Structures are given as C-alpha cells and as structure tokens.
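J.: Sequence and predicted model, in that order:
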Amino acid sequence: MPQLDPSTFGSQLFWLLVCFGALYLVLSFIVIPRISNTLATRAETLEGDLAEAEKLRGQAETALKAYEDALAEARSRALALAQEMRAEVQAETDRQKAELDAKLAEQAAAADATLMSARDAAMAGLTDAAAGLVGDVMQAIGADKASDGDVKKALKKMAAE
Amino acid sequence: MAGNSEGGAGMDPMHQFEVQPIIELPALAGIDTSFTNSSLWMVLAVGLSGLFMLMASSRTAMVPGRLQLMGEMAYGFVANMIKENVGTEGMRFFPFIFSLFMFILFCNLLGMLPYSFTVTSHLIVTFALAAVVFCLVTAVGFIRHGIGFLKLFVPSGIPVVMVPLLVIIEVISYLTRPVSLSVRLFGNMMAGHTMLKIFGGFVVGLSSAGLVPLAIAPFALMVALTGLELLIAGLQAYVFTILTCIYLNEAIHMDH
C-alpha cells in the first residue's frame, strides 16, 4: 500500500501545510470578509426596503382614510343641503297656497255677497211684481180697489208666515 | 490478484495511490519538499477552490448571479452548519472550518478525474488534517474551561464504582477521534477509487480479450459507482466538517 510508505510523508505534509495555509489565508482574509460584507449589505438593504414599503403603505392608508372622510363629509353636506332646499320649497309652496286660499276665500265672499244682494233684489222685485199682479187680478175680478200698499203689506205678512 | 499484477502498473489498483516526484527539491530542515503528483493535485485543488471563491466573491451584486450565488451557498452551507452545531461562538472558527470543507471537497472531487491523484486517499494527509482539528478542539476546551475541561471525561450520574472504568473509556474514545476522523475519509476515498480501478480493469481486460459483451456489466457498474463516488466525495467532506463542528461544540459547551 503506497499510503504506508513513510518516505513520502515529508513531502506530503510540507505541501499540505503550504496549500492548506494558502487556502486558509485567501479565504479568511479576502473571500470571507467580502461575502459576509455582501450578505450584510443585502440584509440591510432588504430591511431598509421593507421598512420603506411599510412606511409607504402607512401613507397610502392615511390617504385612503382622508379620502373616505372627505367623501363622508361631502355626502352629509349634500344631504343637509337637499333637506334645506326641500324645506325652502315646502315653505314657498305653503306660502303661495295660503295666499291663494286667502284670495279664493275673498272672492268667494264677494261672490256670496253679490249673490245675496241679487237674491234680495230679486225678492224685492218679486214682491213688487206679485203686488202688481194681485192688484191687477183683484181689479179684474172687480174687488174693491185695494191700494198697492195694502197688498204689499198683506204679501209681506204672508211671506213672513 | 495474480491476473492484475501480470498487467503491470496499469492494472494494479493500488498504483494510482503511488506518490511520484515531479520535481526534486532540496530537503528543508531534514524534510523532503519534492513536488510530487500529490503536491500537484493539492495545488490544483487549492488553486481551483481559491479561484472559484475569489471569483464568486468579486461581484457583490444585490441579486447574485450564478457564480456569486454558488459562492454564497457554499459560505451559507458551512456557516449554517456551525451556527446549528456550535452556535454563534463557533463563528470564530468559521475561516478554518470553511477552508477545511473546501479543501477536502475539492481534493475529493478532483480525485474523480481520470489520471488524477486523490490527495485525500492518503492517510498521512487526512491524519494531519484530523490532528489539526484535534489540537484545535483540545486547545479551545482548555482555554475556555481550564482544567475543568477534564470533566468531559467524567460522565455525570453514574455510580462511583464505574467512574474509573468509564473515564478510561472516555479518554480512549477522545484520543481515537483523530484516528477515526482521518481513517473514515482516507478509507472511503481509497476503497472507492480501488473499486473503480478494479472494475475498470475488468472492462479493459475483457474487451482486449475480445469479450466485449461480457464487459458491459462491469462497465454499467462502473458508471453507477462513479455516481456513487461523486456523492461520497461530497458526503465525506461534509462528514469531516460536521464532526469537526460537533467536537468543537463539545469543547465549547461541554454538554455530553
């Protein structure tokens, strides 16, 4: 077995020391600091980016909340405005209706009065006509000439009964 | 294996593990420093893994590309392993454990290339790595807990009579850790490559003997074994690393 030949040990150990030593130096002084640096920078950047994203998300949420608040306020204002308008229109309508009612009542009263006076006039005219007619009838049948005044009196008396 | 030795070095399943010098170098303080095929593949493993990690980490994009992502995944894989098994205190040893993982992984994977040399199939290499882990863990234990670290060898809640016996067992099991750690990796690598070589030898031998239809079965098996070996290459790197983490956790937290 060549592995058990001690004459090769010296050279193998010497070159192992040289090679492994060189690898150790290169790795520990150049490669490992570089890689650990890269990994640390990457972790840092990732953390920073995540924090930034979180911050932006918070801002977006605030903006959304502000927008929703503004929307709700606008809606309530619109509602109030609409109610106000409705109340105004209602008041105006009520006022006009009352005015119209008053005017109509006045006209009705006037018409009533005219009617009453016309009726009175008609009644008076009717009494006169009736008296004339009664006088004429009595004259025709030959009754005593009654004066118009008596007939009117008698008619009035009858109308009152 | 008379049939294999007849085929010469090309058919010998152990030939692939031979360390052959490429450039002879003078001994340094009595240690042979010759550049061998083992050294070559160690250099390639370190060069490739180092280059891969350097290129992967050269871009620091927020959204990683393919290469950058692979580098970051390798980093995250080992970092998570330490965090889960040792905790955040274990991150002090991250550079060492990460180097260990990358080195073993690349040595194992490069060993899968034909004509390559598997560095981790040599006990001396895996033992050296395991010994470093063992020394590190023991040092960490004594630095953190002082002499109290020896309590690790005294299991709690057992009859006093049993204590001496269990302490002996605990000490032996602690001391054999580098052995089990190194032999596990070395054994897996050597066995796998030997098996591949043997089945490869069957395919070549049967084909050259004109029995091509008979070579189909060992060839199919070899294809399957190659997949398995790739899995083992990754798995053993993971096992070595996670055992290091577990030992380290014990030394730091001393919870049995």
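T.: Cool, the structure landed. Please read all numbers here as calculations on a predicted model, not as lab measurements. Residues are numbered from 1 along each chain as shown, chains lettered A, B, ... in the order given.

J.: Tell me how far B:G205 lies from A:S7.
T.: 32 Å (Cβ to Cβ, to the nearest Å). Where C-beta positions appear, they are placed from N, C-alpha and C, glycine not excepted.

J.: Please identify which of those two sits among more neighbours.
T.: Between B:G205 and A:S7, counted using other Cβ atoms under 10 Å in any protein chain shown, the more crowded position is B:G205 (18 against 8).

J.: next SSE after whichever strand or helix holds that one?
T.: Applying DSSP states H and E as the criterion places B:G205 in helix B:177-208. Counting by DSSP H and E, the element after helix B:177-208 in chain order, helix or strand, is helix B:212-253.

J.: Any residue of that following helix touching chain A?
T.: No: using Cβ under 8 Å from any Cβ of the partner chain, helix B:212-253 stays clear of chain A, coming no nearer than 13.1 Å.

J.: Okay, angle between that helix and helix B:177-208 too, please.
T.: Here helix B:212-253 points in a direction 170 degrees away from that of helix B:177-208 (axes from the mean of the first three to the mean of the last three Cα atoms, to 10 degrees).

J.: name the helices or strands packed onto helix B:212-253?
T.: helix B:66-85, helix B:94-110, helix B:123-145, helix B:177-208 (3 or more Cβ pairs under 8 Å, 6 or more residues apart in numbering or on different chains; DSSP states H and E).

J.: Buried ones in whatever helix or strand comes next after the third one, by neighbour count?
T.: It refers to helix B:123-145. Going down the chain from helix B:123-145, the next helix or strand is helix B:163-175, by DSSP H and E. By 16 or more other Cβ atoms under 10 Å in any protein chain shown, the buried positions in helix B:163-175 come out as B:Y174.

J.: for helix B:163-175, what is the average pLDDT?
T.: The average pLDDT within helix B:163-175 is 90.

J.: Also stretch A:9-24?
T.: For stretch A:9-24, the per-residue pLDDT averages 91.

J.: That stretch and chain B in contact?
T.: Yes: Stretch A:9-24 lies within reach of chain B by Cβ under 8 Å from any Cβ, at A:9-16, A:19-20, A:22-24.

J.: From these, which land in helices?
T.: A:9-16, A:19-20, A:22-24 (DSSP state H).

J.: Now the residues you listed in TSV, please, with extra columns for neighbour count.
T.: Listed next are these as TSV, based on neighbours: other Cβ atoms under 10 Å in any protein chain shown:
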residue	neighbour count
A:F9	20
A:G10	18
A:S11	23
A:Q12	23
A:L13	17
A:F14	20
A:W15	23
A:L16	24
A:C19	22
A:F20	23
A:A22	16
A:L23	25
A:Y24	18
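
J.: For whichever residue of the stretch 1-150 of chain B sits closest to chain A, which non-adjacent residue is spatially closest?
T.: The minimum distance from the stretch 1-150 of chain B to chain A, using Cβ to the nearest Cβ, falls at B:P95 (3.3 Å). Nearest residue to B:P95, sequence neighbours excluded (Cβ to Cβ, 6 or more residues apart in numbering or on different chains): A:S28, at 3.3 Å.

J.: need the contact list for the closest residue to B:L225 other than its chain neighbours.
T.: In space, B:L225 comes closest to B:L196 once its chain neighbours are excluded; the distance is 5.7 Å by Cβ to Cβ, 6+ apart. Residues counted as contacts of B:L196 (Cβ atoms under 8 Å, 6 or more residues apart in numbering or on different chains) are B:M222, B:L225, B:T226, B:E229.

J.: Let me know the angle separating the host helix or strand of A:A60 from helix B:66-85.
T.: Here A:A60, judged by DSSP H and E, is contained in helix A:32-141. Interaxial angle of helix A:32-141 relative to helix B:66-85 (the same axes, to 10 degrees): 100 degrees.
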